[in-house]
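[1] structure, please.
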Amino acid sequence: MHLHKLLFVSLSVVSFGIAGCNQQRDFNAQAQPSAPTTQTPSPAPVQSPEREPDVPYVPTPNEVVVRMLELAKVQKDDVLYDLGSGDGRIVITAAQKYGTRGTGIDINPERISEANANAQKAGVTDKVQFRQQDLFKTDLSDATVVTLYLLPDINVKLRPQLFRQLKPGTRIVSHDFDMGEWKPERVVQVQGPTRQHTLYYWVVPEEIPANLK
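    Below you'll find the predicted structure:
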């Protein structure tokens, strides 16, 4: 074989090899994921709140949570709604302690995400759920117990909705704030870590008094 042909063949083989390596490297780069896929995905994307929360988030001390559930006489067959549920501790505690099914309502998506994580840690996701919702747009008709930690004006604004949606005999417990002219059946003081807390207890009557309609 002539020398110039031999050089041509050798250069062609080398060029083909380089091109092949480059193509393989480009393919591998495309095939490799851009980030690790071993992380646990979030249970749900965090949504934006519909509007600003009605009240600031202040967690209820655990001692008060337990007393609220005792005051409401929560049982396994109850359906508990916590309005302004925050990190979910009331419905989670009810599920752990009594086996109660519960729903937490909060307008803040960060609180909902936190509550879902807490329910997962507590192992009660089969009994509780959390909804990012405006409490004034929430259907409470299947509740047998409702717990609140809102503000006096929000409680009074919510009162017609409670009368309209809740069945007679439904128990309501409010932390620290009453409901205006609707007088509670019981008022209980609970000592927390830093201060004393007041709990108010009502039962939805068969007939709503005229002054409360």
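[2] check the gap between the closest residue to residue 160 other than its chain neighbours and residue 156 for me.
    What sits nearest to residue 160 in space, not counting adjacent residues and going by C-beta to C-beta, 6 or more residues apart in numbering, is residue 213, at 7.7 Å. Using the backbone N, CA and C atoms, a C-beta is placed for each residue, glycine as well. Distance of residue 213 to residue 156, given as C-beta to C-beta, to the nearest Å: 13 Å.
[3] so between the two, which is more surrounded?
    residue 156 (16 against 9; other C-beta atoms under 10 Å).
[4] sheet-wise, list the partners of the longest strand seen in the chain with their directions.
    Longest strand of the chain, by residue count under DSSP state E: strand 196-203. Strand 196-203 pairs in its sheet with strand 171-175 (antiparallel), strand 186-191 (antiparallel), by DSSP bridges.
[5] contacting residues around the last one?
    Under the criterion C-beta atoms under 8 Å, 6 or more residues apart in numbering, residues 63, 64, 67, 71, 196, 197, 198, 199, 200, 201 lie in contact with strand 186-191.
[6] which residues sit against the helix or strand encompassing the third one?
    Using DSSP states H and E, residue 67 sits within helix 62-71. With C-beta under 8 Å, 6+ apart as the test, helix 62-71 has contacts from 60, 89-90, 93-94, 97-98, 147, 173, 175, 186, 188, 190-193, 197, 199, 201.
[7] start to end distance for stretch 65-80?
    With C-alpha to C-alpha, to the nearest Å as the measure, stretch 65-80 spans 13 Å from end to end.
[8] could you list the low-pLDDT ranges of this structure?
    Within the chain, the segments meeting pLDDT under 70 span 1-53.
[9] all strands of it, in order?
    79-83, 101-106, 128-132, 145-148, 171-175, 186-191, 196-203.
[10] buried residues, stretch 181-188. List them.
    Judged by neighbour count (16 or more other C-beta atoms under 10 Å), stretch 181-188 contains these buried residues: 182, 184, 188.
[11] try stretch 197-206
    Buried residues in stretch 197-206 (16+ other C-beta under 10 Å): 197, 199, 200, 201, 202, 204.
[12] quick one: it to chain centroid distance?
    In this view, stretch 197-206 has its centroid 24 Å away from the chain centroid, taken as C-alpha atoms, centre = their mean, to the nearest Å.
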